[in-house]
Each structure stands twice: as structure tokens, then as C-alpha cells.
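>>> Requesting a structural model of the entry that follows:
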Amino acid sequence: MQYNKITNTWHKIKEITTKKDRKYIVFLCLFSFFVSIIETVGISLVMPFVAVAQYPEKFSSNKFVLWLKNTLSIDPTQLVLYLGILLIIFYVLRAFLNMLYYYLLHKFSHDQKHRLSINLFAQYLKMSYKDFTEQNSSILIKNIMTETIYSTQIILHLLYLFSEALTILLIYSILLYLNWKITLLLSTVLLLQILFLVKYISPLVKKMGRQRSSAQKLFSRSLKDSFANFKMLKILSVQEKIVQDVESLSRELSTAYTINNSIGVVPRNFFETIGIVSVITAVICCAYIYGEISSAIATISIFLLSLYRILPALNRILTSYNQILFMYPALETIHNEVSRKTTKESNTQIHFDKQIELKNVCFQYKNSPLILKDISLKIAKNSKVAFVGESGSGKTTLVDIITSLHIPTSGEIYIDDQQLSSQNYSNWRQKIGYIPQDIYLFDGTLAQNIALCSQFQEEKICEVLRQANIFDFFFTREGLSTKVGDGGIKLSGGQKQRVGIARALYNNPEILVLDEATSALDESTEQKIIDEIYAIGKNKTIFIITHRLSTIKNCDIIYKIKDGKVQQKVHS
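Residues are numbered from 1 along each chain as shown. Here you go, the predicted model:
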């Protein structure tokens with residue numbers, strides 16, 4: 001891998017890991033160094049063992065062998081037996097250390113995936129509403145579920161690279177010491193092989209990595225959009241066209257994975273071939289140098305064992321290198337997402353006893369003209385206020401600013417005498433119950449959908465269901481355990497809307513916001529629900545965003561929004 005690529009990769013890894021994580025990476029590197037030394041010592045012990053087993057009489061004068069024989073009172077045959085047993089124990093311990101190392105390695109990788117996924121999810125939830133509306137939720141989900149896996153796999157493969165390279169370096173130094181001529185010859189063959197693989201295989205893997213990242217993004221988006229518009233697709237009978245589009249993206253993904261996985265076995269096959277060639281070459285060289293093979297059995301043994309360890313290590317190095325290239329786009333994505341700046345909000349108490357006041361509030365999206373221009377108004381507590389206007393006039397945006405979902409580009413908002421700011425946004429939102437036009441209900445129970453969590457208070461839920469006038473309907477079914485279906489598909493439009501009202505009332509808000517909340521209902525159902533909301537909200541401030549005048553006849557104040565300005569204020 002090029003030096004600048006390694007530097008960039010490590011820089012991005014530093015950005016997405018904690019100081020504790022980086023210390024653990026250093027620990028794994030040290031552990032890897034220790035394991036590599038054990039590997040090298042294990043290979044080094046094979047040659048003297050084979051030599052003693054082949055010619056025990058030649059070593060009878062060796063000081064260490066003599067000490068063993070005299071201390072243990074054993075003959076040469078027993079000596080070979082005991083040395084063999086010690087070597088077996090050593091290799092069993094080596095295997096245990098290797099397994100422990102790879103367990104710690106994979107545990108670290110999966111722990112990182114877990115931490116990154118949760119942190120990324122938390123960061124997305126901390127995004128401003130404005131930033132969130134500019135994102136595609138399917139891509140955010142893909143980042144959490146898929147890209148975090150690939151980005152942490154890069155750390156794993158980098159540690160593989162370090163570990164295997166260290167092992168090869170130590171074994172290689174022993175082979176140089178043993179016979180530098182044969183070692184250099186084998187090294188030349190292997191080096192040419194590696195250069196070929198890096199030059200012709202790795203660029204293709206890198207290209208497939210980019211293709212995977214792009215196709216995965218479009219594939220996730222297409223699936224989400226198709227399911228979200230399922231009803232329209234059935235009505236228009238365009239399922240086959242959608243399937244063809246998704247099939248094309250799936251095929252692109254399949255091709256990227258196929259090429260990447262197929263390339264993964266190329267180095268192993270190359271190195272296996274080279275291994276056989278190397279063994280034959282080693283035998284020929286030994287026969288040429290020593291004149292016969294029997295005197296070089298120990299040398300050949302250690303070369304064979306070294307190749308047995310080096311060739312798979314080289315395969316893993318090249319595989320890891322290619323996987324890093326393939327997964328690198330995921331690391332870039334996660335690095336960019338983790339580096340995304342979010343506004344830190346506190347939960348300082350803010351009290352709403354008198355009024356809400358807007359002073360010269362302006363708002364615009366990035367690279368767009370002003371949507372709201374110098375809005376100044378006052379809203380008394382417990383008043384019923386309507387915001388009317390044509391689509392795109394800015395009425396919803398204005399209420400989003402009042403509820404602090406959007407932050408004004410300029411101007412100020414005061415709650416009584418306290419200014420709304422990042423110090424109290426969170427506490428202010430807790431006073432608000434929101435009822436949108438499109439109530440989204442997830443595939444869970446009624447209780448879970450109202451409380452929006454797995455833990456809930458049954459009495460509280462029953463109370464808000466009664467307030468929303470839908471308690472009796474659900475308790476003729478399975479009560480709070482009634483399944484509503486994905487998107488609330490098992491309920492009618494009016495029933496979904498009442499569940500949405502119950503959800504908004506669950507935390508006993510001081511302010512209720514109805515954002516075109518009844519515009520999808522027929523007039524009789526709409527009027528009935530509006531009357532119920534007025535009854536529920538006698539002691540609450542109510543904001544109604546609508547284009548239907550029939551829903552606002554009982555409002556205290558009506559603000560008409562046109563061209564980003566409050567054009568008139570009407571007292572009903």
C-alpha cells in the first residue's frame with residue numbers, strides 16, 4: 001500500500017476510535033510481536049530435533065545434550081522421545097496463543113462495530129431537523145448497519161498485515177542465516193509474484209469497492225422507496241419496471257462481490273503453486289550444494305516448514321491489502337459521518353407562563369432565498385392560534401421555528417422573558433405535542449406506538465386513549481397489545497389520527513401542534529376530531545397549520561402567511 005494511503009487510513013482510524021481503542025491496538029500489536037517470536041522459535045526448533053533424530057550419535061558430545069542425558073539418565077532414543085514431547089507441548093501452547101490472539105482481534109473488531117453503530121445512531125438523532133430533512137434515511141441506515149462493519153474490518157485487516165509481515169520477517173531472517181543463497185532465490189520468485197498481483201489485481205479490487213459503495217446506497221434507497229409507495233405501485237401496476245430497476249442495482253452489487261471474492265482466492269492458488277516449485281527448487285539446490293539429500297534433510301525440513309508458514313501469511317497479507325482497498329470507501333463514509341458537527345444542546349429549564357414572542361425572525365435554507373422575512377408576533381398562553389396560507393408559503397416552517405425544530409437564520413424568540421437558545425431547546429420541546437398529517441405507526445403494539453418505547457405506563461396510555469376517543473375500539477380487540485401493522489396498515493385513517501393524538505398527549509404537553517393533522521380525513525370525521533382536540537386542549541396552547549378554513553372557526557387568532565410574511569392577523 002502506498003505511504004500516503006497508509007497515512008490517510010491511519011488518520012481516519014484515529015478519528016473514529018477513542019484513545020482507549022488506540023491503546024488496545026498497540027497492545028494487540030505487542031501481542032502479535034510475541035506470537036511472531038513464538039512462531040519463529042517453533043520453526044527454529046524443528047531443525048535441531050530432526051538432526052538429533054537422524055544422527056543422535058553426532059550430538060553425544062554436545063554440552064546441552066550431555067547435560068540432558070546425565071540429568072535425566074536417558075539414552076539417545078529416549079532423548080529423541082523427550083525432545084519430541086517438549087516440541088509437541090510447545091506447538092500446542094503456540095496454537096493456544098494464536099487462538100487467543102485471533103479471539104482478542106475479532107472481539108475488538110466487533111466491539112468497535114457495536115460502538116460505532118450506536119455512536120453514529122446517536123449522532124444522527126442529534127442532528128438538527130434542518131440537516132435531517134436534507135438526508136436520505138435509507139443511506140443513514142446503510143451507514144449504521146453496513147458501512148460500520150466494513151470500516152472496522154479495515155482495522156482488523158491492518159492488524160493482520162502487521163502480524164503476518166512481522167512473522168515473515170522473523171522467519172525470513174532465520175532462513176537467511178541458514179542458507180542465504182536458497183533464501184534469496186526463493187525471495188526473488190515470491191517478490192515477482194507479489195508485484196504481479198499488486199499491479200494487476202489490486203486496482204480491480206479498488207474499483208469494485210467503489211462500485212459496491214455506490215450500488216449499495218442506491219439499492220437501499222430503492223427498496224425503501226418501493227415499500228413506502230407500495231399502494232401506488234399496485235395501483236399503477238409498475239411492479240415489473242421497479243423490479244427491473246432494483247434488479248440492475250442488485251446485479252451490480254453481485255458483480256462487485258463476485259469479483260472481490262473470486263480475487264480473494266487468486267493469491268492462495270498462486271502461492272500454492274509457488275510453494276511446490278520452491279520445494280522442488282530447495283531439493284535441487286541442496287542436492288547441488290551438498291552432493292546428496294540425506295545430509296540436508298534438516299535444512300530441507302526447516303525450509304519446508306517455513307514455506308508452510310510463510311506462504312499462507314503472504315496470502316493473508318495480499319488478501320488483507322485487497323480487502324482494505326475494497327472497504328476503504330466505507331471508512332471514508334464513516335469518518336465523514338463521525339466528523340459531522342452537531343449543535344450541543346442542554347436541558348436548562350424554561351417556563352411558559354405568559355406568552356411566546358418572535359422578534360424580526362428570518363429563515364432560509366442553504367443556497368435558497370428567504371422563506372420567512374422579519375416575522376414579529378406575540379402568542380398568549382392557552383390561546384388557539386391558526387396559521388393559514390398556500391402550500392409553500394412558510395406556515396409550517398414558522399411553527400417549526402416556534403417549536404425550535406428549525407433555528408432562525410436571524411431574529412430572536414422569547415418564552416416569557418427568557419430567550420430560546422441551545423441551552424433550553426430540549427426542555428422547550430418537551431412541552432410540545434405534535435400531530436402531523438401523516439401519522440407513522442411502526443409494526444408494534446398500540447402501547448409501544450403511543451409511548452414510542454418498550455417501557456410504558458398502562459394507566460397513562462388508557463387515559464390518553466380515552467381523551468382521543470378510541471379507547472373502546474381497541475379494548476374490543478387486544479387492548480394495548482393490539483398490533484397496528486407496518487405504517488398502521490391495519491387501522492383506518494381516522495383511527496390512525498386518533499392514535500397520533502393519543503401519542504401527542506402521552507407526555508401531557510403544554511402546547512399542541514396540528515400540522516394539517518385532519519386534512520386527509522372526510523369533513524365529518526375531521527370536524528369531530530377537531531372538536532375533540534379543542535375539548536382536550538382547553539388549558540393548552542394550540543397551533544393549527546391548515547389551508548381549510550372550516551378547521552379554524554374556533555381559533556382565537558388567525559395568522560395568514562404569504563410570501564414569507566404575516567400579512568394579516570384576524571381575531572375570530
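
>>> CA atoms for contacts and neighbours, from now on please.
Noted.

>>> check contacts around residue 123.
For residue 123, the contacting residues are 338, 342, by CA atoms under 8 Å, 6 or more residues apart in numbering.

>>> Check what pLDDT it gets.
What the model reports as pLDDT for residue 123 is 84.

>>> That one and residue 556, how far apart?
40 Å (CA to CA, to the nearest Å).

>>> Could you do residue 122 as well?
40 Å.

>>> neighbour count winner among those two?
Neighbour tally, residue 122 and residue 556, criterion other CA atoms under 10 Å: the higher count belongs to residue 556, 15 against 11.

>>> Show the model's pLDDT score for that one.
We have a pLDDT of 85 for residue 556.

>>> Surely it touches residue 387?
No: contact criterion CA atoms under 8 Å: residue 556 and residue 387 do not qualify, at 11.4 Å.

>>> Quick one: low-confidence residue ranges for the stretch 201-350 of the chain.
For the stretch 201-350 of the chain, applying pLDDT under 70 flags the ranges 201-202, 205, 225, 227-239, 261-308.

>>> one more time with 80
Residues of the stretch 201-350 of the chain meeting the criterion pLDDT under 80: 201-247, 249-250, 252-319, 322-323, 326, 340-346.

>>> show me where it has helices.
Residue ranges of the helices in the stretch 201-350 of the chain, as given by DSSP state H, counting those that start in this stretch, are 202-228, 230-236, 239-264, 266-290, 297-338.

>>> And the third one, what's buried?
Using 16 or more other CA atoms under 10 Å as the test for burial, helix 239-264 gives 246, 249-250, 252-253, 256-257, 260, 263-264.

>>> That one versus helix 202-228: what angle between them?
Put simply, helix 239-264 runs at 150 degrees to helix 202-228, going by axes from the mean of the first three to the mean of the last three CA atoms, to 10 degrees.

>>> What of the longest one?
Orientation note: helix 297-338 sits at an angle of 40 degrees relative to helix 202-228 (the same axes, to 10 degrees).

>>> name the helices or strands packed onto helix 297-338?
Judged by 3 or more CA pairs under 8 Å, 6 or more residues apart in numbering; DSSP states H and E, the packing partners of helix 297-338 are helix 3-16, helix 19-54, helix 76-126, helix 148-178, helix 202-228, helix 239-264, helix 266-290.

>>> can you list the ones you listed in a markdown table and add distance to residue 194?
Formatted as a markdown table, the helices and strands packed on helix 297-338 follow (distance: least, CA to CA, whole Å):
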| stretch | distance to residue 194 |
| --- | --- |
| helix 3-16 | 17 |
| helix 19-54 | 22 |
| helix 76-126 | 25 |
| helix 148-178 | 13 |
| helix 202-228 | 11 |
| helix 239-264 | 14 |
| helix 266-290 | 8 |
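
>>> can you tell which of those is closest to residue 532?
helix 202-228 (30.5 Å; CA to CA).

>>> Just the buried residues of that closest one, please?
For helix 202-228, burial by neighbour count (16+ other CA under 10 Å) applies to 202, 204-206, 208-213, 215-222, 224, 226.

>>> go on, stretch 29-46?
For stretch 29-46, the buried set under the neighbour-count rule, 16+ other CA under 10 Å, comprises 29, 31-44, 46.

>>> Which of those residues sits closest to residue 448?
Distances from residue 448 to those, taken by CA to CA, are shortest for residue 29, at 46.5 Å.

>>> quick one: contacts for that closest one?
Neighbours of residue 29 in contact, by CA under 8 Å, 6+ apart: 159, 162-163.

>>> Out of the residues you listed, which end up buried?
159, 163.

>>> Quick one: the contacts of residue 29 as CSV, columns for pLDDT and distance to residue 448 too.
Shown next, in CSV, are the contacts of residue 29 (pLDDT from 0 to 100; distance: CA to CA, whole Å):
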residue, pLDDT, distance to residue 448
159, 85, 43
162, 84, 48
163, 82, 49
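
>>> Output the contacts of residue 29 as JSON lines; include the columns distance to residue 344.
Output for the contacts of residue 29, formatted as JSON lines (distance: CA to CA, whole Å):
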{"residue": "159", "distance to residue 344": "35"}
{"residue": "162", "distance to residue 344": "39"}
{"residue": "163", "distance to residue 344": "41"}
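
>>> Which secondary structure state is assigned to residue 367?
Secondary structure for residue 367, judged by DSSP: H, G, I helix; E, B strand; the rest coil, is coil.

>>> mean confidence for stretch 485-496?
On average, the pLDDT along stretch 485-496 is 82.

>>> Show me which positions of that stretch end up buried.
487-488, 493-496.

>>> quick revisit: between the buried residues of helix 239-264, which is nearest residue 383?
Comparing the buried residues of helix 239-264 against residue 383 with CA to CA places residue 246 closest, at 50.6 Å.

>>> mind listing what that closest one touches?
Taking CA under 8 Å, 6+ apart as the criterion, residue 246 is in contact with 219, 222-223.

>>> can you pull out the helices in the stretch 401-550 of the chain?
Using DSSP H, counting those that start in this stretch, the helices of the stretch 401-550 of the chain run over 425-429, 446-451, 458-467, 471-474, 493-505, 523-536.
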